[in-house]
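>>> A predicted structure for the sequence below; I have some questions about it.
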Amino acid sequence: MKRAYRVISAALALLLCCTPYTLASPIVKNRYYFEKRGDMIWEVHTSQKVIALTFDDGPDPAETELILDLLQQYNAKSTFFAIGKRIAAYPDIARRVVAEGHELANHTYNHVYFKRPISEKQVHEELDLTEKEIIKVSGKRSNLFRPPGGMYDETLINVSNQMGLKPILWSWHQDTRDWNRPGVYAISNKVIRNAHNGDIVLFHDHVHGKSQTRQALKIILPELKKQGYRFVTVSELIKLSDTQRAGKQQVGRNP
């Protein structure tokens, strides 16, 4: 009996050793999965003191221009994730964004909160309509896309990448929630106290009601500049990532 037990135990042990994949955990397709693959970006790892300020939901006929004035004062470049139908409504403001060296990026045409399972057709239509408006005001396509509300799944990520639009979210510690108007100092403290190299900060240049974003920027911009930070577009930030720079240096060494 003991001998039979030992034989069964040995056989089970051998079976477990020979079939590792049957016990493997299913792949969890979350931030870390997509980030590791380079399919989506939340922030950038860099040794340089650079931060990307981003603004969603514009252009706004009043607020966007005042924010542009302020950014110009501090020589700060930013990325504006614009809504297609608002670009169509306020093309001159969108043109000013581009003319002053900022980045105009895709935030869907109708500010759609994509519901899972996300429709491939809907994503393509929303992004394509917005790209057409971006081309009208800038003469070129965008490279970046931010889904409203940060809602995504694998379908959205695949479609946007196939269209040449890298999905961009934001640093989890840099969601200012300025759309909820929490107070000027709540917004400014959130950004300043949490500032790190490679952060992508989430603001809005169009909100319902009186915006507090511009007043917060009057505190944020001089303080972070004093700390030695440079304000760059998201595309510039990606180029300054340690991984990208290391890759270019490696290519340069090859004969």
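Nice, I can see it. Note that this is a predicted model, so its numbers are computed, not measured.
>>> Tell me, how many residues neighbour residue 25?
5 (other C-beta atoms under 10 Å). Yep, even glycine has a C-beta here, placed from its N, CA and C like the rest.
>>> next one: the helix or strand that contains residue 186 to chain centre, how far?
If you go by DSSP states H and E, residue 186 is part of helix 184-193. With C-alpha atoms, centre = their mean, to the nearest Å as the basis, helix 184-193 stands 20 Å off its chain's centre.
>>> what about the strands in the stretch 51-200 of the chain?
79-82, 103-106, 144-145, 166-167, 200-204 (DSSP state E, counting those that start in this stretch).
>>> okay if I get those strands as CSV plus mean pLDDT, mean neighbour count and distance to residue 30?
As requested, the strands of the stretch 51-200 of the chain are exported to CSV (pLDDT from 0 to 100; neighbours: other C-beta atoms under 10 Å; distance: least, C-beta to C-beta, whole Å):
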stretch, mean pLDDT, mean neighbour count, distance to residue 30
strand 79-82, 98, 28, 22
strand 103-106, 98, 26, 23
strand 144-145, 98, 25, 19
strand 166-167, 98, 22, 14
strand 200-204, 98, 24, 18
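>>> Including distance to residue 88, could the ones you listed go into TSV?
Output for those, formatted as TSV (distance: least, C-beta to C-beta, whole Å):
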stretch	distance to residue 88
strand 79-82	10
strand 103-106	13
strand 144-145	18
strand 166-167	23
strand 200-204	19
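>>> right, and the ones you listed - which one's nearest residue 138?
strand 103-106 (5.8 Å; C-beta to C-beta).
>>> just how off-centre is the closest one within its chain?
11 Å.
>>> which strands and helices sit next to it?
strand 79-82, helix 91-99, helix 120-138, strand 144-145, helix 234-239 (3 or more C-beta pairs under 8 Å, 6 or more residues apart in numbering; DSSP states H and E).
>>> pLDDT averaged over the helix holding residue 186 - what is it?
If you average the pLDDT over helix 184-193, you get 98.
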